[in-house]
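**Student:** Take a look and give me a structure for this.
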Amino acid sequence: MIHPILSRRLLASPYRDPVHDGAADPVLVSDPVTGGWSMFYTQRRAAEIGLDGVAWVHESEIGVARSNDGGSTWTYQGVVEGLDAPGLAQPVTRWAPDVVRIGDRWVMFLTVLGGRRTDWTGPARIAQYTSADLHVWDFQGYLDLDSERVIDAAVAQCGDGLYRLWYKDEARGSRTYAAVTATPLLASTWRVEGLVIGGRPHEGPKVFALGRRYWMVTDE
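**Tutor:** Residues are numbered from 1 along each chain as shown. Modelled structure (predicted):
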């Protein structure tokens, strides 16, 4: 959850990606070592012209910006290195990171797509990476979510002690499903728990604790 003071500063000084002007899907984490903040986001190619269809939304990297003044100013640090996607066709599209602290590790859950795309069709997977310092990331594996098109991961530890991952399953009506594990550092241990939110198609779940409740926001 973003600190309320930080959120107010973010509204006062919006961040724009200096390369493509297409920052989307941000997640912010506080670095306990440096005392600063890191923001990871989808670096959409919004400034490129002459691309077919929705090609500009694909072939994106994960950008990172950092702030040492509580979010008043952000400095672009480039794209995240080491986000390998074994077995996927090139180029690889990277979307919608979620970064959480689990034990002594940072864990990133990332949507990845292989090959050149000009529309919204084709397989999509969620990959898991770990890092000790928010800089160097190691691929841990793909999550087996029993679907050919899953995107937009959000992860939190729940009151029963288990970790849950919520995501959009586009092969099942573009609704929110959940997976669960007791050992979240192992990508192979996640198992599908089932439908969480039905009804109209929606995407981008984000889960956070506030007061005595867990809250989820989604985008219809």
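**Student:** Where do the strands of this protein begin and end?
**Tutor:** 23-30, 37-43, 61-67, 75-79, 92-102, 105-114, 125-131, 138-142, 150-157, 163-169, 175-181, 191-197, 203-210, 213-219 (DSSP state E).
**Student:** now the ones you listed in CSV, with mean neighbour count, distance to R16 and mean pLDDT?
**Tutor:** Where C-beta positions appear, they are placed from N, C-alpha and C, glycine not excepted. Putting these into CSV (neighbours: other C-beta atoms under 10 Å; distance: least, C-beta to C-beta, whole Å; pLDDT from 0 to 100) gives the following:
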stretch, mean neighbour count, distance to R16, mean pLDDT
strand 23-30, 18, 7, 96
strand 37-43, 22, 11, 97
strand 61-67, 21, 10, 97
strand 75-79, 13, 9, 97
strand 92-102, 21, 18, 98
strand 105-114, 22, 22, 98
strand 125-131, 21, 26, 98
strand 138-142, 16, 30, 98
strand 150-157, 21, 22, 98
strand 163-169, 24, 26, 98
strand 175-181, 20, 30, 98
strand 191-197, 14, 32, 98
strand 203-210, 16, 20, 94
strand 213-219, 12, 21, 96
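**Student:** got the ones you listed as JSON lines, with distance to I49 columns?
**Tutor:** Converted to JSON lines, the strands of the chain look like this (distance: least, C-beta to C-beta, whole Å):
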{"stretch": "strand 23-30", "distance to I49": "18"}
{"stretch": "strand 37-43", "distance to I49": "17"}
{"stretch": "strand 61-67", "distance to I49": "19"}
{"stretch": "strand 75-79", "distance to I49": "21"}
{"stretch": "strand 92-102", "distance to I49": "19"}
{"stretch": "strand 105-114", "distance to I49": "22"}
{"stretch": "strand 125-131", "distance to I49": "30"}
{"stretch": "strand 138-142", "distance to I49": "33"}
{"stretch": "strand 150-157", "distance to I49": "26"}
{"stretch": "strand 163-169", "distance to I49": "29"}
{"stretch": "strand 175-181", "distance to I49": "34"}
{"stretch": "strand 191-197", "distance to I49": "37"}
{"stretch": "strand 203-210", "distance to I49": "26"}
{"stretch": "strand 213-219", "distance to I49": "26"}
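**Student:** Let's check: the centremost residue of this protein is which one?
**Tutor:** When C-alpha atoms, centre = their mean is applied to the chain, the residue found nearest the centroid is P97 (1.7 Å).
**Student:** Not counting sequence-adjacent ones, nearest residue to it?
**Tutor:** Distances taken as C-beta to C-beta, 6 or more residues apart in numbering place F40 nearest to P97, at 4.6 Å, with adjacent residues excluded.
**Student:** How about the one you found: which residues does it bridge to?
**Tutor:** Using DSSP bridges, the bridge partners assigned to F40 are V27, V64.
**Student:** And for I126?
**Tutor:** Beta bridges link I126 to T111 when assigned by DSSP bridges.
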